[in-house]
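**Student:** The following comprises the amino acid sequence and a computationally predicted model.
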Amino acid sequence: MAQDVPTLKLLLIGNSNVGKSSLLLRFTDDTFLPQEEVSATIGVDFKVNMMDVDGQTYKLTIWDTAGQERFRTLTSSYYRGAQGVILVYDVSSRETFDALNTWWNEVNTYCSSLDVVKMIVGNKVDKESSRVVTYQEGADLARRLQTLFVECSAKTKIGVEEAFEELVTKIIETPTLWQKKSAPSSSLRVTSGSHESMDNGSSCAC
Ligand SMILES: Nc1nc2c(ncn2[C@@H]2O[C@H](COP(=O)(O)OP(=O)(O)OP(=O)(O)O)[C@@H](O)[C@H]2O)c(=O)[nH]1
């Protein structure tokens, strides 16, 4: 791959079981694993996806962090160099929505740059009959915290690609996060997915 492909670092955080790993797998491999094949993330997992924005290819390095406290080590290093943070909750679990306050505090503790783009994502909208957090509640919280907001389902795929596209577009449009002179913002296209070892070459923000 050409060396001048810009790299963006994105981070998935939120309580255990909200579907962070499933969202990442859906986005990079367009797959959803059945419940019996899913295991809790230990520490951090890391995937790479290429995305085209107006003829420019970007390399997305997406870090999937463990939701369980006992598996969270080296927290500050997850955040180092991140340009985008996705805070995930499960629309069928009030507890995971309430926990966003704690995750928000963690972001603000470890991300020194105020410009890091944050997005709140309500996952599992396919479980409509078990929903306990309304769309409006999610949207209101996002407005209060001044973040982006998307509802989606890793299971059905709905909203997943749009979430990543919106986040990346906002990062590219934020000059302080971005070294390029121009900041194009349309015609997004995901081109490929792969799994890579931990190596972060992003131009940094926090
Ligand atoms: N119905 C439904 N189930 C989902 C969805 N996304 C994830 N799940 C299920 O939720 C459970 C937890 O998913 P994970 O992706 O492992 O959750 P996680 O947030 O990465 O969990 P940790 O690694 O412990 O932090 C699994 O049984 C998934 O199959 C979704 O969109 N809809």
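**Tutor:** Yes, it's here.
**Student:** only C-alpha atoms for contact and neighbour calcs from this point on.
**Tutor:** Noted.
**Student:** buried stuff in stretch 4-12?
**Tutor:** Neighbour-count burial for stretch 4-12 flags 6, 7, 8, 9, 10, 11, 12 (criterion: 16 or more other CA atoms under 10 Å).
**Student:** In terms of helices and strands, where is the fifth one?
**Tutor:** Assigned by DSSP states H and E, residue 10 falls within strand 7-13.
**Student:** chain center to that strand, what's the gap?
**Tutor:** 6 Å (CA atoms, centre = their mean, to the nearest Å).
**Student:** Kindly report the same for stretch 70-78.
**Tutor:** Counting by CA atoms, centre = their mean, stretch 70-78 comes out at 16 Å from the chain centroid.
**Student:** hmm, back to that, close to the ligand, is the strand holding residue 10?
**Tutor:** No: using CA under 6 Å from any ligand atom, we find that strand 7-13 stays clear of the ligand, coming within 7.8 Å at best.
**Student:** partners of that strand in the sheet?
**Tutor:** When sheet partners are counted by DSSP bridges, strand 7-13 sits next to strand 56-65 (parallel), strand 84-90 (parallel).
**Student:** By mean pLDDT, point me to the weakest helix or strand of this structure.
**Tutor:** strand 188-195 (a mean of 46; mean pLDDT, DSSP states H and E).
**Student:** list the contacts for the spatially closest residue to residue 99 that is not a sequence neighbour?
**Tutor:** For residue 99, ignoring the flanking residues on the chain, the nearest one in space by CA to CA, 6 or more residues apart in numbering is residue 15 at 7.1 Å. Going by CA atoms under 8 Å, 6 or more residues apart in numbering, residue 15 touches 67, 68, 88, 89, 96, 99.
**Student:** Helices of the chain, residue ranges please.
**Tutor:** Along the chain, counting by DSSP state H, helices occupy 20-29, 75-79, 94-98, 100-110, 135-145, 160-172.
**Student:** The fifth one - contacts with which helices or strands?
**Tutor:** Judged by 3 or more CA pairs under 8 Å, 6 or more residues apart in numbering; DSSP states H and E, helix 135-145 is in contact with strand 117-123, strand 148-151.
**Student:** follow-up on the earlier one: could I get the contacts of residue 15 as TSV with neighbour count?
**Tutor:** Listed next are those as TSV, based on neighbours: other CA atoms under 10 Å:
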residue	neighbour count
67	22
68	15
88	28
89	30
96	20
99	15
